[in-house]
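Asker: Have a look; sequence and predicted model below, questions after that.
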Amino acid sequence: MLTFIVLQIDIQKRIIYNNERGVIMAKTKTANVNCRISEDIKCKAEDILTKMGLPRSVAIDMFYRQIIMNNGLPFPVTIPEKPFVRENMTDEEFDAMMTRGIKEANSTDLYDVDKVFDELT
């Protein structure tokens, strides 16, 4: 399920001066950033941000500032040279992947297929 969120980020600051008293106030103009993300991703990220004491709007503002400072994404985005297929895995990597899969299949965090399809239609 996708969740719709609206974030506020600073785009420009306007300072109001008074000749006698100097700076009276600084007003910040903001813009909305609208995006659709997976609800699971949103919840997991916001749980981490809450533990850090950061509102999501501040985190997004920090991300945008890092994009500006780096003149691009602040982390490398790459495509692995080898596709993630059995032929490219060692036996240990394959066993670890299968063990994770079995653990997930045996977990209680499961969804009924019919209910999932009902929600999609």
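Answerer: Thanks, I have the structure now.

Asker: Can you list the residue ranges for strands in this structure?
Answerer: If DSSP state E is used as the criterion, the strands of the chain fall at 2-18, 22-38.

Asker: lowest-confidence stretch among the ones you listed?
Answerer: For these, the bottom mean pLDDT is recorded on strand 2-18, which sits at a mean of 48.

Asker: Give me the neighbour count for Tyr111.
Answerer: Counted by other CB atoms under 10 Å, the residues lying close to Tyr111 total 8. Glycine gets a C-beta too; all of them are placed from N, C-alpha and C.

Asker: Skipping adjacent residues, who's closest to Phe63 in space?
Answerer: Taking CB to CB, 6 or more residues apart in numbering as the measure, Phe63 lies nearest to Pro74, with 7.3 Å between them; neighbours along the chain are not counted.

Asker: Show me the domain layout of this structure.
Answerer: Described in terms of automatic domain parsing, the domain architecture of the chain consists of the residue ranges 2-70, 86-120.

Asker: Find the one among those with the highest mean neighbour count.
Answerer: Of all the domains of the chain, domain 2-70 has the most neighbours on average by mean count of other CB atoms under 10 Å, namely a mean of 11.

Asker: Could you list the low-pLDDT ranges of this structure?
Answerer: Counting by pLDDT under 70, the ranges of the chain that qualify are 1-28.

Asker: all helices for it, in order.
Answerer: Under the criterion DSSP state H, the chain carries helices at the ranges 39-52, 56-70, 91-106, 113-120.
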